[in-house]
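Engineer: no sequence for this one, just the structure:
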């Protein structure tokens, strides 16, 4: 059984580290075959990783 990666899928927009962390997580997920990107959600003031077809 392969180890599971624990990557953030949502972080607060007010933190200057959030976007770089999520960008790095997106690269890992894309390398694993997921078609994802980061979007901003005004509801909750967060950045989220979502599937491209879900955005």
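Structural biologist: Nice, thanks for sending it over. Computed from a predicted model, the values in this text were never measured in an experiment. Residues are numbered from 1 along each chain as shown.
Engineer: Contacts for stretch 14-33 next, please.
Structural biologist: 5, 7-9, 11-13, 36-38, 45-49 (CB atoms under 8 Å, 6 or more residues apart in numbering). Quick note: C-beta positions are derived from backbone N, CA and C, even for glycine.
Engineer: Which pair in these has the greatest spatial separation?
Structural biologist: 5 and 45 (25.9 Å; CB to CB).
Engineer: Bridged to residue 39, which residues?
Structural biologist: Beta-bridge pairing for residue 39 (DSSP bridges): residue 48.
Engineer: What's the separation between residue 46 and residue 21?
Structural biologist: As judged by CB to CB, to the nearest Å, residue 46 and residue 21 stand 12 Å apart.
Engineer: Which residue, neighbours along the chain excluded, lies closest to the residue nearest in space to the middle of the chain?
Structural biologist: The chain has residue 49 as the residue nearest its centroid, 3.0 Å off, counting by CA atoms, centre = their mean. The shortest distance from residue 49 to any non-neighbouring residue, by CB to CB, 6 or more residues apart in numbering, is to residue 9 (4.8 Å).
Engineer: Tell me the confidence at the one you found?
Structural biologist: Residue 9 is assigned 89 on the pLDDT scale.
Engineer: Count the residues that sit near it.
Structural biologist: 14 (other CB atoms under 10 Å).
Engineer: Equivalent analysis for residue 20, please.
Structural biologist: Neighbours around residue 20, by other CB under 10 Å: 9.
Engineer: on that earlier part again, and the residue nearest to residue 49, how far from residue 51?
Structural biologist: Counting by CB to CB - residue 9 and residue 51 are separated by 11 Å.
Engineer: and what of residue 7?
Structural biologist: 14 Å.
Engineer: Comparing those two, which residue is more hemmed in?
Structural biologist: residue 7 (14 against 11).
Engineer: Just say helix, strand or coil for the nearest residue to that one once chain neighbours are set aside.
Structural biologist: Spatial nearest neighbour of residue 7, chain neighbours left out: residue 25 (4.2 Å); criterion: CB to CB, 6+ apart. Going by DSSP: H, G, I helix; E, B strand; the rest coil, the secondary structure assigned to residue 25 is helix.
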